[in-house]
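> Next come a sequence and a model predicted from it.
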Amino acid sequence: MALATTRRRLLTGGAALSWFLVNGSWLCMSAAQARVAGFSPQKLTDEQCTTLEILADELVPGARDAGIAAFIDSQLTAGEESLLIAKYLGVPAPQQLGFYQAALDSGTRLLATQDLSAAFAIELISKDEVLNWEGAPASFFSFVLRADALDVVYGTEHGFEQLGIPYMAHISPQEAW
Amino acid sequence: MKSDGAGMDSPDTIIVGAGAAGLLLAARLAETGRRVTVLEAGPKRSTSDLISSQIWARRLKWSGPHVEELGDHKVGHAFNAGFGTGGSAVHHYGVWLRLHRGDFSVASDHGVGLDWPLDYDTLRAHYDSVQSEVGLSGDAEAEVWRPDGADYPMPPLPIFAQGRVLKKGFDKTGRRTAPLPLAINSQPYQGRAACQYDGWCDAGCPIGALANPLVTWLPRAQEAGVHIEHNAFVNRVLRDPNKASRITGVEYFQAGERHSLHAQQVIIAAFTVQSARILLSSADNNRPAPGNQFDQLGRYLTSHPAGTVFGLFDEETYPHQGVSGGQLISHDDYDKKNQGAAFGSSQWLIAHAIKPHDLLGYGTGRPDISGEKLKPWLQDAARHIGNMTLVAEDIAKPENRISLSGQRDVNGIALARTEHNLDTRTAQLWEQRIAEGQDIMRAAGAREVWHGPRVAMHIMGGTVMGNDEKLSVTDSYGRVHDTDNLYVSGPSLFPSSGAVNPTFTLSAIASRQAEHLTKQAD
């Protein structure tokens, strides 16, 4: 990474690497590395990140280790430059933070108050059977979160390799999440 | 307000939008000696930006002010539109098809929608010349339904395993197929490389095999001295206070600052929704917006209802091979527009190269499969899936329209708003064809068949061309009716949608416009 690269430039460039706050220092790393290093989320709370990891990993095993929470938090930090799939699904960048916060708070309440397994929580969410769910419909959130998880787990050269698909890039991404 | 923003000399022609239509016009006009400035809302892009990743490629899609969308068939602006040099054609799949003769006269022939103010024969020479300039690969003889036209300059792309498997379903159900005509090089063409068939088309083709504007019109425009101003978001056109029909330039915002730029001629080629927004925003207290004296501006918004049918096979299909647009085509049902409760042309685009994730990915489309079952299923699909897309005709209706929202962006510019609902006959057509598509997939030998949701593919209309000023916004050359020197280019001119991908037709129309404007200047 060139020394001249600034945090803003990296985010607006949509690079696979992002800047994460780790132990008080901004470090450039992948989302998976950020998770291992214990990044401090900038937009989501620790509690929201925990719920995000639980639900996403239930939908797409491997999402937690691939850094789903770091990925989504860093894209929410990117503002208008967000590369989250939600932009295709009627959730433009300015609305994405509220979309995730409301759903994750509902998910946190669901997991805590009823002491549910992640699998059952996902079943209720995907069927819109959660009482007092706030924000976008639960089943829609589940669809978006699953697509996010597919992005971080299988939307990379490493993910293709797990499925036995040759990636065959013309120009390779700098690094997998 | 700053005049002549960014220190630009006053050009002869301002073109708003650096997409397929805008850059074609810029190149052609500048090559005849006109001084042309292009204002592009998005950032500067080059082929070296086109990273092979579906996630990275999301930056190629619209990232400007949000478009509000209403209706039962929302047009999907954030997915269909582009942002930056090359516009949506940077991420388009290169499926270049001509409209059929009957597409130009649906009102006269069937009493639905609008007729075009021109016919196929008027456009034919421009289809032929543009095809030669950008390079198309295909087999004209195999396309038995293709209207008259010059042979393709290159042979078709090869058919891979997925295409061979799916073709069996068409053969068994008595439907003909042909190699899909593509603006993708099957062999080196005019200094551009041949395709490598690795399925990254919609992330943008950095090797130049796919004829996106970055490798076709942009180099010609630059060679001819066209100036392109990026991150310049046009708000409205400016009118002569003493002569309403005379357009004097445009007002735009760049880095939060308001600018104006003046020219003898203005062409709005900002893709369907934004082109209409710019004109609608140009009304003032005393005068309706240009082209809107009969309340036609923004109306007849159309979008192809599309849907993908999937099948899992025992045979290896290697769905990562090929190109995003597909390998084969079937237009056997195209000219059967009137079918009782259903109406419209339709086509099948067959055997797309496909990825596991992203909006069109096979993993994304099966939310019923998750948890521990997911990875084995994806591994199976990665080798055995087949897919094909239905593209159906949309009936142009005046109530489907682009308007201005009550909300404004950071610069105080009104957001665009779209409302689009499907006619019941169109919805019926989609249901009927999707059911047939599943039968075809089963006939091909699929052990499991399903289909995706109805989605909006391509966005057209809103500033439609026509002979009757009371039913259209521009004439057949795209000149806005009540103006002397304001033109529109792009798919917003389409009075009806047909059922083919629009880039070839919008390019042929832009070619005809360029010829007209050049003759006019002479």
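That came through fine. No experiment lies behind these values; they were computed from the predicted model shown.

> low pLDDT regions in chain A?
Screening chain A residue by residue with the criterion pLDDT under 70, one finds the ranges A:1-16, A:114, A:175-177.

> can you give me the helices for it?
Remark: helices assigned in chain A by DSSP state H are A:7-12, A:31-37, A:46-59, A:63-66, A:68-77, A:93-113, A:118-126, A:138-154, A:157-162.

> can you list the ones you listed in a markdown table and add mean neighbour count?
Yep, even glycine has a C-beta here, placed from its N, CA and C like the rest. As requested, these are arranged in a markdown table below (neighbours: other C-beta atoms under 10 Å in any protein chain shown):
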| stretch | mean neighbour count |
| --- | --- |
| helix A:7-12 | 14 |
| helix A:31-37 | 20 |
| helix A:46-59 | 21 |
| helix A:63-66 | 22 |
| helix A:68-77 | 26 |
| helix A:93-113 | 18 |
| helix A:118-126 | 18 |
| helix A:138-154 | 25 |
| helix A:157-162 | 18 |
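
> Including distance to residue B:89, could those helices go into JSON lines?
Output for these, formatted as JSON lines (distance: least, C-beta to C-beta, whole Å):
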{"stretch": "helix A:7-12", "distance to residue B:89": "23"}
{"stretch": "helix A:31-37", "distance to residue B:89": "32"}
{"stretch": "helix A:46-59", "distance to residue B:89": "35"}
{"stretch": "helix A:63-66", "distance to residue B:89": "33"}
{"stretch": "helix A:68-77", "distance to residue B:89": "26"}
{"stretch": "helix A:93-113", "distance to residue B:89": "23"}
{"stretch": "helix A:118-126", "distance to residue B:89": "37"}
{"stretch": "helix A:138-154", "distance to residue B:89": "25"}
{"stretch": "helix A:157-162", "distance to residue B:89": "27"}
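
> Residue B:338 is nearest to which of those?
Taking C-beta to C-beta as the criterion, residue B:338 comes closest to helix A:138-154 out of those, the separation being 37.0 Å.

> Can that closest one be said to contact chain B?
Yes. Helix A:138-154 comes into contact with chain B when judged by C-beta under 8 Å from any C-beta of the partner chain, the residues involved being A:142-143, A:146-147, A:150-151, A:154.

> For residue B:397, state which of those residues is nearest.
Nearest to residue B:397 out of those is residue A:143 (C-beta to C-beta; 29.9 Å).

> List the contacts of the closest one.
A:89, B:367 (C-beta atoms under 8 Å, 6 or more residues apart in numbering or on different chains).

> how much space between the spatially most central residue of chain A and chain B?
Here the mean C-alpha position of chain A is nearest to the C-alpha of residue A:72 (C-alpha atoms, centre = their mean), at a distance of 3.1 Å. Using C-beta to the nearest C-beta, to the nearest Å, one obtains 12 Å as the distance from residue A:72 to chain B.

> OK, now which residue of the stretch 151-300 of chain B is nearest to chain A?
The stretch 151-300 of chain B approaches chain A most closely through residue B:198 (3.8 Å), counting by C-beta to the nearest C-beta.

> Let me see the contact set for the nearest residue to that residue once chain neighbours are set aside.
For residue B:198, the nearest residue in space outside its immediate sequence neighbours is residue A:168; the separation is 3.8 Å by C-beta to C-beta, 6 or more residues apart in numbering or on different chains. Under the criterion of C-beta under 8 Å, 6+ apart, the neighbours of residue A:168 are B:52, B:196, B:198-200, B:320.

> isn't the residue nearest to the centre of chain A right up against residue A:151?
No. Distance between residue A:72 and residue A:151: 9.6 Å, which falls outside the contact criterion (C-beta atoms under 8 Å).

> quick one: low-confidence ranges for chain B?
Counting by pLDDT under 70, the ranges of chain B that qualify are B:1-8.

> give me that answer again for 80
Across chain B, the stretches falling below the confidence threshold (pLDDT under 80) are B:1-9, B:285, B:521-522.

> quick one, helices of it?
Across chain B, reading from the start of the chain, the helices by DSSP H fall at B:20-31, B:77-80, B:106-110, B:120-134, B:161-172, B:217-223, B:272-280, B:374-384, B:424-443, B:503-521.

> out of the residues of helix A:138-154 next to chain B, which one sits closest to residue A:35?
Top of the list for closeness to residue A:35, among the residues of helix A:138-154 next to chain B and by C-beta to C-beta, is residue A:151 at 15.2 Å.

> hang on, isn't that closest one packed against residue B:55?
Yes. Proximity of residue A:151 to residue B:55 meets the contact threshold set by C-beta under 8 Å, at 5.5 Å.

> Overlap in contacts, the two.
Taking C-beta under 8 Å, 6+ apart as the contact criterion, the common neighbours of residue A:151 and residue B:55 are residue B:358.

> quick one on the thing from earlier: dump the helices of chain B into TSV; add mean neighbour count and distance to chain A as well.
Conversion of the helices of chain B to TSV gives the following (neighbours: other C-beta atoms under 10 Å in any protein chain shown; distance: least, C-beta to the nearest C-beta, whole Å):
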stretch	mean neighbour count	distance to chain A
helix B:20-31	28	21
helix B:77-80	24	5
helix B:106-110	16	30
helix B:120-134	19	20
helix B:161-172	21	13
helix B:217-223	20	18
helix B:272-280	28	14
helix B:374-384	19	4
helix B:424-443	19	20
helix B:503-521	21	20
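
> and the contacts of residue A:168, which are buried?
Restricting those to buried positions leaves B:52, B:198-200, B:320, with burial counted as 16 or more other C-beta atoms under 10 Å in any protein chain shown.

> can you redo those residues as JSON lines with distance to residue B:270?
Formatted as JSON lines, the entries for these read as follows, by distance: C-beta to C-beta, whole Å:
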{"residue": "B:52", "distance to residue B:270": "28"}
{"residue": "B:198", "distance to residue B:270": "32"}
{"residue": "B:199", "distance to residue B:270": "30"}
{"residue": "B:200", "distance to residue B:270": "27"}
{"residue": "B:320", "distance to residue B:270": "35"}
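
> re earlier: out of the helices of chain A, the one nearest residue B:446 is which?
In terms of C-beta to C-beta, the element of the helices of chain A nearest to residue B:446 is helix A:138-154, at 22.7 Å.

> now the closest one against helix A:118-126, angle please.
Using axes from the mean of the first three to the mean of the last three C-alpha atoms, to 10 degrees, the inter-axis angle of helix A:138-154 relative to helix A:118-126 is 130 degrees.

> mind exporting helix A:138-154 as PDB, just the C-alpha atoms?
As requested, the backbone C-alpha atoms of helix A:138-154 are provided in PDB (Å, rounded to 0.1, in the frame of the first residue of the first chain):
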ATOM      1  CA  ALA A 138     -37.400  -9.300   9.100                       C
ATOM      2  CA  SER A 139     -37.500 -11.600   6.100                       C
ATOM      3  CA  PHE A 140     -36.000  -8.900   3.900                       C
ATOM      4  CA  PHE A 141     -33.300  -8.200   6.400                       C
ATOM      5  CA  SER A 142     -32.500 -12.000   6.400                       C
ATOM      6  CA  PHE A 143     -32.300 -12.000   2.600                       C
ATOM      7  CA  VAL A 144     -29.900  -9.000   2.600                       C
ATOM      8  CA  LEU A 145     -27.800 -10.300   5.500                       C
ATOM      9  CA  ARG A 146     -27.500 -13.700   3.700                       C
ATOM     10  CA  ALA A 147     -26.400 -11.900   0.500                       C
ATOM     11  CA  ASP A 148     -23.800  -9.900   2.600                       C
ATOM     12  CA  ALA A 149     -22.500 -13.200   4.100                       C
ATOM     13  CA  LEU A 150     -22.300 -14.800   0.600                       C
ATOM     14  CA  ASP A 151     -20.200 -11.800  -0.400                       C
ATOM     15  CA  VAL A 152     -17.600 -12.100   2.300                       C
ATOM     16  CA  VAL A 153     -17.400 -15.900   2.300                       C
ATOM     17  CA  TYR A 154     -17.800 -16.800  -1.400                       C
END
